[in-house]
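**Student:** need a structure here:
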Amino acid sequence: MSTAVAADTGTPKGSGIRTGVVVAVVSAVGVAAACVFLLVRNSIVDDAYITLSYAKNLAFHLHWGLTPGHTANTATSPLNVLTQGLLTAILRRPIVALGALFVLSHMAMAYGLVRTSSRLRLPVWSALLGSALVLFNPLLNSAVGLEIALSGGLLALLLMAAVEARPVWFGILAGLVVLTRIDLAIVVLVLFLGFPRLRLAWWRIVVSALAVALPWWICSWILLGSAVPDTLLIKATLSAQQPQLAFAEGPLNMYRGFPAMAALSFLPAMLGFVALLVCLARWVRNRFGSGENRAWPGFAPVVLLGIGGVLHYAMYSLLNAPLFHWYYSWTIISLTYLLALSLGALAAKTQQPVRFRAWAVPGVVVALVAAAQVGYDVQHGIPWQQGAYNGNAGTPAEYAAVGIGIKPLVGNHPVRSPGEVGTIAYFCECELLDELSDRGIAVSILRRQEQTRGPIVRALLDLNFHFLDKNLEPTPVDYEIAYRKTRPENVPNWPVTGPAWIGNGYDALVPAR
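**Tutor:** Below you'll find the predicted structure:
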């Protein structure tokens, strides 16, 4: 797929597409996003309820934590919590606020891609196709409520700022991206370092990015005890407990268990990777060969975004990150954008009928993939009762029943979670504790990490947790929610249904041991 788009010849930074077309595309994506959210609203994954609990506590109590009375710093995406918290404070209903953020994020995604396609003189359908392939992706929709949609929208806007060579806006959006997920800094750096027009304005980018991100990091470092969320520390312990190459082989294992879902979810990224290889081969030919096409500079940010997505996957594979299915989202999103815009570039190369099939065939194939995604999403249930991929030991409705059920039984007594804390904590609004809600447990994990890590890692941990009270101890609990494979007698219990590798069981409320 060619990078042969019109060279950047100093055209205005604004969009060449009529305003009415932009409004129509963004509005259409917004309506479609609202429909998708209504479809999946009952299937919100357990970790997304952690964000919802943070947002609800922030909106109603100005409290930063998963459970009442316990300050924590385990929200992986501070910006996701802040935006959901703001919308919850306005709308007063956390799920409605989540839906609003989901829709707005996808509208931002469409706007960024439309502006990008206009700047590169690509057909507007390439932006619409990229938006659709992300919006209808069943794996991404199995993580609604997490920072997937928000980061996807910000990455599209970041790409727009890069293509339009707007250094201040690029810096502002870069700051927002790393506040959404700090690991996305690798994508930002690839775009920044790989595109000369951005490097030339490096100080404007750095200053504007720090102006956005630094205030939060300082406040979090001093007031919450760590600049980087504690989840980075907690997830590192999980990585050590899984087989080598577990993350790298994750998509293949998903295909074995959920073949249709995995194929439709990863196929756009795989095709995007093929497009990336073609773009890189063309760059090599232009750079070192006798090729006459010198249009690479205009399309370079799109290719660099795809490279950033691949490097994100490579980084997580080297770290053998825990197998959370949404960790593949940013590779999927980046390569999907590259795929759609590459098809647009191929179509823009020539409008002559003799070359029609060169772009129509792959374009139709990708459009059929998007249509198949819609078909899969609909057949999975109206509305969904659980995600197309579900790795939790219970469904959202079952965990909600546990939370509602234990609330009058435990009162103000602390309760140990069964290991999946989000949904139960959200519906219980009680003192449900584990390493994500009890800072004392996080401190004990920190102590173990400091004993086993090398001097460089220990120095980084000391710096990050400089203001944390290291004397905190885990809070004693009076009850615990224990998972049982068979139904226990004489104690309150609720059935839970897990995937095949977990099986079915019961969550029982028992006295703490």
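
**Student:** Name the nearest residue to G257, ignoring sequence neighbours.
**Tutor:** A500 (7.0 Å; Cβ to Cβ, 6 or more residues apart in numbering). C-beta: built from backbone N, CA, C; applies to glycine.

**Student:** and that neighbour, which of the three is it?
**Tutor:** Three-state call for A500 (DSSP: H, G, I helix; E, B strand; the rest coil): coil.

**Student:** quick one, phi/psi of it?
**Tutor:** Torsion angles at A500 (phi, psi; degrees, to the nearest 10) stand at phi -60, psi -40.

**Student:** That one: how many residues sit nearby?
**Tutor:** By the other Cβ atoms under 10 Å criterion, the neighbourhood of A500 contains 6 residues.

**Student:** Could you do I222 as well?
**Tutor:** As a burial measure, I222 scores 12 neighbours (other Cβ under 10 Å).

**Student:** and if you look at E473?
**Tutor:** Counted with other Cβ under 10 Å, the neighbours of E473 add up to 11.

**Student:** go on, the one 3 residues further on?
**Tutor:** Using other Cβ under 10 Å, the number of residues around P476 comes to 10.

**Student:** follow-up on the earlier one: the residue nearest to G257 touches F258, doesn't it?
**Tutor:** No - taking contacts as Cβ atoms under 8 Å, A500 lies outside contact range of F258: 10.2 Å.

**Student:** I'd like the average pLDDT over the helix or strand where Y399 lies.
**Tutor:** Assigning secondary structure by DSSP states H and E places Y399 in helix 396-410. The average pLDDT within helix 396-410 is 96.

**Student:** quick one: which helix or strand includes S265?
**Tutor:** Per DSSP H and E: S265 is located in helix 259-288.

**Student:** nearest residue to L91 other than its sequence neighbours?
**Tutor:** Counting by Cβ to Cβ, 6+ apart, the nearest residue to L91 once its immediate chain neighbours are dropped is A97, at 4.9 Å.

**Student:** Export the helix or strand harbouring W216 to CSV, keeping only CA atoms.
**Tutor:** Assigning secondary structure by DSSP H and E places W216 in helix 202-223. This file holds the C-alpha atoms of helix 202-223, laid out as CSV (Å, rounded to 0.1, in the frame of the first residue of the first chain):
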residue,chain,number,x,y,z
TRP,A,202,11.1,20.4,20.1
TRP,A,203,11.1,23.0,22.8
ARG,A,204,7.6,24.1,22.1
ILE,A,205,6.4,20.5,22.2
VAL,A,206,8.3,19.7,25.5
VAL,A,207,7.1,22.9,27.2
SER,A,208,3.4,22.4,26.3
ALA,A,209,3.5,18.7,27.1
LEU,A,210,5.0,19.3,30.5
ALA,A,211,2.5,22.1,31.2
VAL,A,212,-0.3,19.6,30.8
ALA,A,213,1.2,16.5,32.5
LEU,A,214,3.6,17.9,35.1
PRO,A,215,1.0,19.4,37.5
TRP,A,216,-0.8,16.1,37.9
TRP,A,217,2.4,14.2,38.4
ILE,A,218,3.6,16.6,41.1
CYS,A,219,0.2,16.5,42.9
SER,A,220,0.1,12.7,42.6
TRP,A,221,3.7,12.4,43.8
ILE,A,222,3.1,14.6,46.9
LEU,A,223,-0.5,14.0,47.8
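
**Student:** so how far is it off the chain centroid?
**Tutor:** 21 Å (Cα atoms, centre = their mean, to the nearest Å).

**Student:** got the buried residues for the helix or strand where the residue nearest to L91 lies?
**Tutor:** Under the assignment given by DSSP H and E, the secondary-structure element containing A97 is helix 94-119. Residues of helix 94-119 classed as buried by neighbour count (16 or more other Cβ atoms under 10 Å): 94-95, 97-119.

**Student:** Repeat that for stretch 20-33.
**Tutor:** Neighbour counts using 16+ other Cβ under 10 Å place 22, 25-26, 29-30, 32-33 of stretch 20-33 among the buried residues.

**Student:** Inside helices: which ones of these?
**Tutor:** The subset of the buried residues of stretch 20-33 located in helices under the criterion DSSP state H comprises 22, 25-26, 29-30, 32-33.

**Student:** Could you check the angle the longest strand along the chain makes with helix 396-410?
**Tutor:** Looking only at the chain and at elements set by DSSP state E, the strand with the highest residue count is strand 504-511. For the pair strand 504-511 and helix 396-410, the angle between their directions (axes from the mean of the first three to the mean of the last three Cα atoms, to 10 degrees) equals 20 degrees.

**Student:** In strand 504-511, which residues are buried?
**Tutor:** If you call a residue buried by 16+ other Cβ under 10 Å, then strand 504-511 has these buried ones: 505-510.

**Student:** Which of the residues you listed sits closest to E429?
**Tutor:** Nearest to E429, judged by Cβ to Cβ, of the buried residues of strand 504-511 is L509 at 15.8 Å.

**Student:** Tell me who's in contact with that closest one.
**Tutor:** For L509, the set of contacting residues under the criterion of Cβ atoms under 8 Å, 6 or more residues apart in numbering consists of 405-406, 409-410, 415, 479-481, 491-493.

**Student:** one more time with 6 Å, if that's ok
**Tutor:** Contacts of L509 were listed using Cβ atoms under 6 Å, 6 or more residues apart in numbering, and they are 406, 479, 481, 492.

**Student:** swap in D47?
**Tutor:** Contacts for D47 (Cβ under 6 Å, 6+ apart) come out as G422.

**Student:** try 8 Å this time
**Tutor:** D47 makes contact with 143, 145-146, 324, 326, 422 under the criterion Cβ under 8 Å, 6+ apart.

**Student:** Could I get these in JSON lines, plus columns for secondary structure, pLDDT and distance to M160?
**Tutor:** Converted to JSON lines, those look like this (DSSP: H, G, I helix; E, B strand; the rest coil; pLDDT from 0 to 100; distance: Cβ to Cβ, whole Å):
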{"residue": "A143", "secondary structure": "coil", "pLDDT": "97", "distance to M160": "24"}
{"residue": "G145", "secondary structure": "coil", "pLDDT": "95", "distance to M160": "25"}
{"residue": "L146", "secondary structure": "strand", "pLDDT": "97", "distance to M160": "23"}
{"residue": "F324", "secondary structure": "coil", "pLDDT": "94", "distance to M160": "29"}
{"residue": "W326", "secondary structure": "helix", "pLDDT": "97", "distance to M160": "24"}
{"residue": "G422", "secondary structure": "helix", "pLDDT": "95", "distance to M160": "33"}
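
**Student:** Now for the residues you listed, which sits with the most neighbours around it?
**Tutor:** G145 (30 neighbours).

**Student:** circling back to that earlier point, can you put the contacts of D47 in TSV and add distance to T486?
**Tutor:** Written out in TSV, the entries for those read as follows (distance: Cβ to Cβ, whole Å):
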residue	distance to T486
A143	32
G145	32
L146	33
F324	29
W326	32
G422	26
